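K.L.:
Fold the following and give me the result.
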Amino acid sequence: MGKVKAFFDRKQINPSAKLYFVDAMGMMALGLFSTLLIGTIFGTLGEKFGIDFLSEIAAIAKNGSVAGAAIGVAIAYALKAPPLVLFSSAVTGAAGYILGASITTSSGVISYTAGPAGSFFVVLVACELGKIVSKETKIDILVTPTVTILSGFALAKLICPAIAYVMYYLGYFINTTTEMHPFFMGIIVATVVGIILTLPISSAAICAMIGITGLAGGAATAGCCAQMVGFAVISYRENGVGGLVAQGLGTSMLQMGNICKKPQIWIAPTLASAICGPIATVLFKLECTGLSAGMGTCGMVGPIGILSDMGGDAMTWIGIIVTCIVAPAILSFIINEILRAVGLVKTGDMQLSL
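P.N.:
From the prediction side, this is the model:
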C-alpha cells in the first residue's frame, strides 16, 4: 500500500470529494462560462443590435463539442493534469458532452445528450487514468493521449446514455413541477439553488447539468440574486463599496468563512431567496435557462439570461429589477435588522478581508 500511495502522490492523484465536486466542478463552470454562457451573451447582443459577427461567434461558442472540449480542459487543469492529458481531455470532454440517448417523450423521440454532466464524469475518470501512464514510457507522446482518449470514449459510450436519461428526467421533473406549482416550487428551487450558490459548489454547473429552464430557471435566478445582493447589502457596514461590488457582482461565496463561524448571518439572504422565488414565478413569470440561472448577479449574467429567454419588454425589465435587485436588497436588509435587534447578528460578523 505504501508503494501505491507513493506512486499516486507522484502522479498527483489524490481523490477527494473536495477535489472532484468543489475544485473540478468550479473549474468546469469556468469552462462553461467561456463557451455556452459568453456565447449566450454574444448571441443576445447580436440579435438585439443586428451585429452578425457576434451571432456567428455565439453559434460556435454554444456548439456542444466546443463546450465539452472546454469543460474537459478545465477539469483536467483542476486535476493538475500533465500537458498531454490536459489537451487530450478536450476530446474526452467533447465525447462526454455530445453522446447520449434517444428518449421517447409525449411529443415523439428526441436525441438528448449527456451534456455537461457527461463531460464531468467522463473527464474525471479518463484524466486520472491518463495521469497514471503519463511519462511512464519512452513513447509517451503516443501512449498518454491514446489511453486518455480511448478510456474516455469507452466510458462515454458506456455511461452517457444513462446520464442523459437521469439528467433529462430530473430536469423534466423540476421544470414541469414548477410550471404546475409555481408558488411552492418557486420557494423550493430559489432557496436550494441560492444556498448552493453561496456554498463552495458551482450552482451554475449544476443548473447546466440538469437542464433547468422556464419558470424553474427564473426561480433559480431569483434565489441566486437574493444571496448575492442580500449579502452585499447587509454587510455594507463592514465592507463598504468594495464588499458591495465583490459580493453583488462577484460571489456571495466570499462569506462562507463567516457563515461557518456565525451561521445566523445566512438567515436573511436565504429567507429573501425563499420570498423572491415565487415573486419570479407567480408575479412576473420570469424564465431563464441552464448555466445563466445559476449565476445570479455575477456579471449580471442571470438578468441577461432572462432577457435572452424572454426578450426586453417593459414587464420583463420591471420583473428583473424588482426580483433580482430591489426585493432582495430590501428584504435582506429588513430581516437582518430584525436579527441585529434581537442580538443574533452583530457588526463585524460579515467582515471580509478585501
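K.L.:
Tell me where the protein has strands.
P.N.:
Remark: strands assigned in the chain by DSSP state E are 100-105, 108-113.
K.L.:
List the buried residues of the first one.
P.N.:
When you say that, I think you mean strand 100-105. The neighbour-count check on strand 100-105 (16 or more other Cβ atoms under 10 Å) flags 100, 101, 103 as buried. C-betas here are computed from N, CA, C, even on glycine.
K.L.:
How about stretch 123-139?
P.N.:
Buried residues in stretch 123-139, counted by 16+ other Cβ under 10 Å: 123, 124, 125, 126, 127, 128, 129, 130, 131, 132, 133, 134.
K.L.:
Quick check: the gap between residue 48 and residue 42.
P.N.:
As judged by Cβ to Cβ, to the nearest Å, residue 48 and residue 42 stand 11 Å apart.
K.L.:
between these two, which one's more packed in?
P.N.:
Taking other Cβ atoms under 10 Å, residue 48 and residue 42 do not tie; residue 42 has more neighbours (21 against 13).
K.L.:
That one: what's it in contact with?
P.N.:
54, 55, 57, 58, 61 (Cβ atoms under 8 Å, 6 or more residues apart in numbering).
K.L.:
Columns neighbour count, distance to residue 313 and pLDDT on top of those, output as JSON lines?
P.N.:
Listed next are these as JSON lines, based on neighbours: other Cβ atoms under 10 Å; distance: Cβ to Cβ, whole Å; pLDDT from 0 to 100:
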{"residue": "54", "neighbour count": "19", "distance to residue 313": "22", "pLDDT": "92"}
{"residue": "55", "neighbour count": "16", "distance to residue 313": "21", "pLDDT": "91"}
{"residue": "57", "neighbour count": "17", "distance to residue 313": "26", "pLDDT": "93"}
{"residue": "58", "neighbour count": "21", "distance to residue 313": "22", "pLDDT": "90"}
{"residue": "61", "neighbour count": "20", "distance to residue 313": "26", "pLDDT": "92"}
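K.L.:
want to throw those residues into JSON lines with distance to residue 158?
P.N.:
Formatted as JSON lines, the contacts of residue 42 follow (distance: Cβ to Cβ, whole Å):
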{"residue": "54", "distance to residue 158": "39"}
{"residue": "55", "distance to residue 158": "37"}
{"residue": "57", "distance to residue 158": "34"}
{"residue": "58", "distance to residue 158": "33"}
{"residue": "61", "distance to residue 158": "29"}
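K.L.:
about what we covered before: out of the strands of the chain, which gets nearest to residue 169?
P.N.:
Closest approach to residue 169 among the strands of the chain (Cβ to Cβ): strand 100-105, 8.4 Å.
K.L.:
Direction included, what does that closest one pair against?
P.N.:
Sheet pairing for strand 100-105, assigned by DSSP bridges, gives strand 108-113 (antiparallel).
K.L.:
How far off centre is the strand it pairs with?
P.N.:
Mean C-alpha position of strand 108-113 versus that of the full chain (Cα atoms, centre = their mean, to the nearest Å) differs by 24 Å.
K.L.:
Mind listing what's buried along that strand?
P.N.:
Applying 16+ other Cβ under 10 Å to strand 108-113 flags 112, 113 as buried.
K.L.:
Now that strand: average pLDDT?
P.N.:
Across strand 108-113, pLDDT averages out at 84.
K.L.:
Name the residues that touch that strand?
P.N.:
So strand 108-113 is contacted by 64, 97-103, 160, 164-165, 167-168 (Cβ under 8 Å, 6+ apart).
K.L.:
just to revisit the earlier point, looking at the buried residues of stretch 123-139, which is nearest residue 292?
P.N.:
residue 123 (22.7 Å).
K.L.:
list the contacts for that closest one?
P.N.:
71, 72, 75, 76, 89, 92, 93, 96, 152.
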